[in-house]
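[1] sequence and predicted structure are below.
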Amino acid sequence: MQDKRDKINTIDQQIIKLLSERRKLSIEIIKLKNEDNSLIRDRDREKKLLTKLIEAGRKSGLESYYVSKIFQEIIGDSIKLQNKFVLDTDNLSETSDTITVAIQGIEGSYSYLTSKLFFGSDKEIVFRKLKNFDEVVEAVEDSSADYAVLPIENTTSGSITEVYDSLTNSNLQIVGEEIFQVKHYLLGLEDIPLNKIKKIYAHFQAARQCSKFLKSLPQAEIVFFEDTAKSVKKIKEDGIKDYAAIASKEAADMFNVMILREDIANQPGNFTRFIICSIQPIKVDERIPAKTSLILATAHKPGSLVDALSVFRDFQINMTKLESRHILGNPWEEMFYLDFQGNIQDQKVKELLDEVVKHTRFLKILGCYPIKDVEKQKWKQPDNFM
């Protein structure tokens, strides 16, 4: 048995070494692409490469799905690496090995996990763990943090309006987005029957996303907490065996508690879109697919919103989100948050914005940033998407 395991370990080490060498070659390739400004992503080549690899795998007795899944991850990593190289080059990325990231929550929260995913292992992350979204935004504005990581919408519970409110009056710019697959777990101190649970601590959004499951436990009191990971910390500190919390598997590992029930969200595909904000905007190379987010308020006349939105149709630019929000202090007046596929460096987009301005009394660009490329079947707009 041991000699077989030793052989597997040797093969695993070889795979790691080859993946590292492949990454280095990806960087050499993007340097060459930059010299002649050629496309970063060649989808035709990707399809041909996958076809060849699947056929080679089939001859070696490997299932097509298995080979395809592995190499889609590898190719995706290569594209992310090359995009990051171009962005860092264009925006003179900071030379420090450490960045400070402001989040709402503590270690093990979904904002914490998303930050780790977005920034990767290239830099050491120092976290500023804050109580609410306003404090997160203020931390970047007063330069006590380099970036803010904020949840903006979820496929189950919809938009997170508090974040929009925090952004409206801020000077922050969106410089990136990340799609995080949220898997909610019911956690407890001991493996007790679910009908014995008296109290469940949960973040308001997490409770909304798990509402169907919570209805199946009518005896349990739901107590809203400011953060999923803090919910786990709370039951750990209280030490009461019939108290539970809703949080991530990572939070369960961090606080050494038990998983009582897995995947309790209403939808099996539960994703949250996070935005990454900085005080300075970034320039997105036009070879990288980009998204632009903005806030606008239309003129006080009939049909003004239709007129503004029709500009996107006329320019054949795709809107990916449109959300209305009441203007605080101005009853019956609304602002609109809008995302569209396009780069503000593009002349066509500049002309579009010039035309949209004619139909608005206020317009603010929240940021232009690379689109997070995810499979369409994984990410679905929330039910309240307009």
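    Done, it's in.
[2] for Asp122, the count of nearby residues, please.
    Asp122 has 12 neighbouring residues, counting by other CB atoms under 10 Å. For glycine as for every other residue, the C-beta is placed from the backbone atoms N, C-alpha and C.
[3] what about the stretch 201-350 of the chain, any weak spots by pLDDT?
    Within the stretch 201-350 of the chain, the segments meeting pLDDT under 70 span 327-333.
[4] ranges for the strands of it?
    221-225, 243-247, 258-261, 271-278, 290-298, 319-326, 334-341 (DSSP state E, counting those that start in this stretch).
[5] wait, which of the ones you listed is closest to Leu150?
    Leu150 lies closest to strand 271-278 among these, at 5.4 Å (CB to CB).
[6] how big is the angle separating the closest one from strand 290-298?
    Strand 271-278 runs at 90 degrees relative to strand 290-298, counting by axes from the mean of the first three to the mean of the last three CA atoms, to 10 degrees.
[7] gap between strand 271-278 and the chain center?
    Taking CA atoms, centre = their mean, to the nearest Å, one finds strand 271-278 lying 4 Å from the centre of the chain it belongs to.
[8] which positions in it come out as buried?
    The neighbour-count check on strand 271-278 (16 or more other CB atoms under 10 Å) flags Phe271, Thr272, Arg273, Phe274, Ile275, Ile276, Cys277, Ser278 as buried.
[9] and the next element down the chain from the top helix by length along the chain?
    Ranked by residue count, the top helix of the chain under DSSP state H comes out as helix 2-36. Using DSSP states H and E, the helix or strand that follows helix 2-36 in sequence is helix 43-59.
[10] ok, residues contacting that following helix?
    Counting contacts by CB atoms under 8 Å, 6 or more residues apart in numbering, the residues outside helix 43-59 that touch it are Glu63, Ser64, Tyr66, Val67, Ser68, Phe71, Gln72, Ile75.
[11] what about the fifth one, how many residues nearby?
    The burial count assigned to Ser68 is 15, neighbours taken as other CB under 10 Å.
[12] give me the contact list for stretch 269-276.
    By CB under 8 Å, 6+ apart, stretch 269-276 touches 110-111, 114, 118, 147-156, 163, 174-184, 209, 293, 367, 369, 372, 374, 377-380.
[13] centre of the chain to that stretch, how far?
    Its chain's C-alpha centre lies 4 Å from the corresponding centre of stretch 269-276 when counted by CA atoms, centre = their mean.
[14] which element is Glu153 on?
    Applying DSSP H and E, one finds Glu153 within strand 147-154.
[15] on that earlier part again, may I see the ChimeraX selection of the buried members of the contacts of stretch 269-276?
    Buried members of those, defined by 16+ other CB under 10 Å, are picked up in ChimeraX with:
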select :110,111,114,118,147,148,149,150,151,152,153,154,155,156,163,174,175,176,177,178,179,180,182,184,209,293,367,369,372
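[16] Phe133 versus Ile288, what's the distance?
    Distance of Ile288 to Phe133, computed by CB to CB, to the nearest Å: 28 Å.
[17] pLDDT averaged over the longest helix of the chain, what's the number?
    For helix 2-36, the mean pLDDT works out to 93.
[18] in it, what counts as buried?
    Ser26, Ile29, Ile30, Lys33, Asn34.
[19] could you single out the nearest of the contacts of helix 43-59 to Lys234?
    Closest to Lys234 out of the contacts of helix 43-59 is Gln72 (39.6 Å), distances taken as CB to CB.
[20] got the domain ranges for this protein?
    Using automatic domain parsing, the domain parsing of the chain gives 2-90, 98-182, 185-261, 283-370.
[21] now find how far off-centre the last one is within its chain.
    Same thing as domain 283-370. 21 Å.
[22] likewise the shortest one?
    Domain 185-261 has its C-alpha centroid displaced from the chain centroid by 24 Å (CA atoms, centre = their mean).
[23] and it, how far apart are its ends?
    Domain 185-261 has its terminal residues 6 Å apart, counting by CA to CA, to the nearest Å.
[24] check contacts around Asp97.
    Taking CB under 8 Å, 6+ apart, one finds Lys123, Glu124 in contact with Asp97.
[25] perfect, that will be all.
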